[in-house]
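Engineer: Fold the following.
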Amino acid sequence: VPAGTTLGVVGPSGAGKSTLLNLLGRLFEARGEVALDGVPVRELLLADLRGALAYVPQDSFLFSDTYRANLSFGTERELSDERLRELVEAVAMGEEVRAFPDGLEQLIGERGVTLSGGQRQRTAIARALAREPRVLILDDCLSAVDTETEARLLANLRRAGSGRTVVVAAHRLATVRSAEQILVLRE
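Structural biologist: Presented below is the predicted three-dimensional model:
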């Protein structure tokens, strides 16, 4: 995957999309060669590799805490209100967060029970972006988002992801149509 580009990975359930994405972070060792930015991932220190990645699975875990704390989880520094607003807007959650009675201080409940599936997924993407990773990996994490919101979010991610390598796995071809490369997995 060339640096700063987007790779779309599509295929039916069970085709190996998630397995391929797990190879990027060396959660499994590849039999062949997997390279990011032209460097085989085996040659990178595991801590350096994983420190450069932000991975958003289809089913992300949210904590029984404030919305702010959930966005900030995993960041090395405190996020300003301005940065939090940027992240919320980038994932098309601005209107929803403004509608929360307590805004960013809204408690979202264990595993994010007060949020819809799409809101949980978008919150997890914002949390990943907060880490400012060199490589953003999205593993079918837009499946619960309606197509209109998905289109806005993807346009925002293209701007937020400028200069960042992005790998997106999806069932819907529309999700990856703007990627520079599209990999289709079968069997």
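Engineer: gap between the two ends of stretch 179-187?
Structural biologist: From its first residue to its last, stretch 179-187 covers 22 Å (C-alpha to C-alpha, to the nearest Å).
Engineer: what's the answer for stretch 11-29, then?
Structural biologist: Span of stretch 11-29 from end to end, C-alpha to C-alpha: 22 Å.
Engineer: ok, and what's touching it?
Structural biologist: By C-beta atoms under 8 Å, 6 or more residues apart in numbering, the residues outside stretch 11-29 that reach it are 9-10, 30, 34, 36, 41-42, 46, 49-50, 53, 55, 57, 135, 137, 139-140, 167, 169, 171, 183-187. Bear in mind the C-beta positions are built from the backbone N, C-alpha and C, glycine included.
Engineer: again with stretch 157-177
Structural biologist: 1-10, 12-13, 17-18, 20-21, 24, 36-37, 90, 125, 129, 133-140, 142-143, 147, 150, 154, 178-179, 182.
Engineer: Dump that stretch to CSV, keeping only the CA atoms.
Structural biologist: This file holds the C-alpha atoms of stretch 157-177, laid out as CSV (Å, rounded to 0.1, in the frame of the first residue of the first chain):
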residue,chain,number,x,y,z
LEU,A,157,-12.1,11.2,6.1
ARG,A,158,-10.5,11.9,2.7
ARG,A,159,-9.7,15.4,4.0
ALA,A,160,-8.7,14.2,7.5
GLY,A,161,-6.7,11.4,5.9
SER,A,162,-4.7,13.5,3.5
GLY,A,163,-1.2,12.2,3.7
ARG,A,164,-2.3,9.2,5.8
THR,A,165,-2.4,5.7,4.5
VAL,A,166,-6.0,4.3,4.8
VAL,A,167,-7.1,0.7,4.4
VAL,A,168,-10.9,0.2,4.3
ALA,A,169,-12.6,-3.2,4.3
ALA,A,170,-16.3,-3.2,3.4
HIS,A,171,-19.1,-5.2,2.0
ARG,A,172,-20.5,-2.3,0.0
LEU,A,173,-18.5,-1.3,-3.1
ALA,A,174,-19.7,2.3,-2.7
THR,A,175,-17.7,2.5,0.5
VAL,A,176,-14.4,2.1,-1.4
ARG,A,177,-15.1,3.5,-4.8
